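Undergrad: Okay, predicted coordinates and the sequence, questions at the end:
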Amino acid sequence: MPLSGRKILVGISGGIAAYKIPDLVRRLRDYGATVRVVMTHGAKAFITPLTLQAVSGHAVHDDLLDPDAEAAMGHIELAKWADLIVIAPASASILARLAHGLADDLLSTLCLATPAPIAVAPAMNQQMWAAAAVQDNIATLSRRGVHIIAPASGAQACGDVGAGRMPEPLDLREQICQLLSPAEGVLQGKHVLITAGPTREAVDPVRYVSNHSSGKMGFALAAVAQQMGAEVTLIAGPCHLPTPPQVKRIDVESAEQMLKAVQDRVTAADFFIACAAVADYRPTAVADSKIKKSASSMTLELVRNPDILATVASSSKPPFTVGFAAETHAVADYAQDKLKRKRLAMIAANDVSDTSIGFNSDENAISLFWLDSQQQLQSKPLDKASKQQIARGILEQAARLHTSNDYSIATD
């Protein structure tokens, strides 16, 4: 199990996202970790210590000077015990106290007393997250070596929409795994170019043609590639996801803009992963002003967009090129045809008709296909897991084939 023998201290501060933490604790234990929990007084307004005690199997701590602790120095015991301290959710208040070195409760005190690495998963209203004071505190903590688990974007409990949501338990567990079992640097010194998200093809200044891609798979690939040692450039279509740490992001709208951004950078890439859901067609002409509703029907003429994946794969010196096949039926057949027809090094296929692993899902299941050095078709399934875990499987296989040179491009 990935976290077997690891000792993780989960600190919970006051925030509605605290309701997700029992699931996180359970998921960590499923991976073999021993988990102990510390709660602030604010956290207990959202979830009870008894719940956390039940899922962790240990008494929950919330008292700085616990008379039942050995030598009444519970914070020192816990600080020495942990291999990693994870604060989730991390409120604006606990971030400020950590940034300023305060020690006014058990959680903030043990963070000063521990030699273990500390990770924080901020969760708060989008306006609070954007506030200059919060961002200054985040910058201070990052500079001191605290690992910042970037919040996700989406609808919030207060009704706002934006960045500030705590990542889901499966995503948090994957990032914790990376902190405790860092990648062996298999992509060290490599440049990975990734496209992610949808494209939008304008109809008029108001309307556009697009698809349901959230960009989550591509962003997970970017985050994991960086963790594996790569220099990562992420070319993103319109999506509201935070940029993974130390990843260079270029935002585009249309397929033609994405193609240009790729062509400008692909010659420096060792790997190109085309994860974006590029619109196959765009309107032949874009109206200068909003098209008014004047008839019972309307005909929209479309023209094919450039094929970014095929353009890169057919260049004179292509990088190791990985495509995606998001299909609703005959997934393996379509994927194998696309692998050979577009002359790819590897293709990742998934069934988007399954809503549990389709667009906007936090999980995925993939089948990888490639031709070995003898032109024989090979495959590898990646069973349903978080998109972070799937991303790791894809990148590890790509790196393995690239290093061993045990792959080939289809011949005519």
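TA: Sure thing, it's come through. Residues are numbered from 1 along each chain as shown.

Undergrad: What strand or helix carries the closest residue to Ala99 other than its chain neighbours?
TA: In space, and not counting its chain neighbours, Ala99 is closest to Asn137: 3.9 Å by C-beta to C-beta, 6 or more residues apart in numbering. Yep, even glycine has a C-beta here, placed from its N, CA and C like the rest. Using DSSP states H and E, Asn137 maps to helix 132-143.

Undergrad: After that helix, which helix or strand is next? Please name it.
TA: strand 147-148.

Undergrad: and that next one, what does it pack onto?
TA: strand 118-122, helix 132-143 (3 or more C-beta pairs under 8 Å, 6 or more residues apart in numbering; DSSP states H and E).

Undergrad: Listing partners with orientation, what would you give for it?
TA: Strand 147-148 pairs in its sheet with strand 118-122 (parallel), by DSSP bridges.

Undergrad: Now tell me what touches the strand it pairs with from outside.
TA: With C-beta atoms under 8 Å, 6 or more residues apart in numbering as the test, strand 118-122 has contacts from 84-92, 94-95, 98, 111, 129, 134, 138, 141, 146-151, 164, 166-167, 172, 175-176, 179.

Undergrad: so of the helices and strands packed on strand 147-148, which one's packed in deepest?
TA: strand 118-122 (a mean of 25; mean count of other C-beta atoms under 10 Å).

Undergrad: between it and helix 132-143, what angle do the directions make?
TA: Here the directions of strand 118-122 and helix 132-143 differ by 150 degrees (axes from the mean of the first three to the mean of the last three C-alpha atoms, to 10 degrees).

Undergrad: Report the rounded mean pLDDT for strand 118-122.
TA: In this model, strand 118-122 has a mean pLDDT of 95.

Undergrad: All further residue positions should be reported with the first residue as 776.
TA: Okay, residue one is now 776; in that scheme the one you just asked about reads as strand 893-897.

Undergrad: now it: how far from the chain's centre is it?
TA: Here strand 893-897 shows a centroid-to-chain-centroid distance of 15 Å under the convention C-alpha atoms, centre = their mean, to the nearest Å.

Undergrad: next structured bit after that strand?
TA: Next along from strand 893-897, by DSSP H and E: helix 901-905.

Undergrad: ok, the residue nearest to Ala874 - contacts?
TA: Neighbouring residues of Asn912 by C-beta under 8 Å, 6+ apart: Ala867, Leu870, Ala871, Leu873, Ala874.

Undergrad: Swap in 10 Å and give it another go.
TA: Ala867, Ile869, Leu870, Ala871, Arg872, Leu873, Ala874, His875, Val895, Pro897, Ala906 (C-beta atoms under 10 Å, 6 or more residues apart in numbering).
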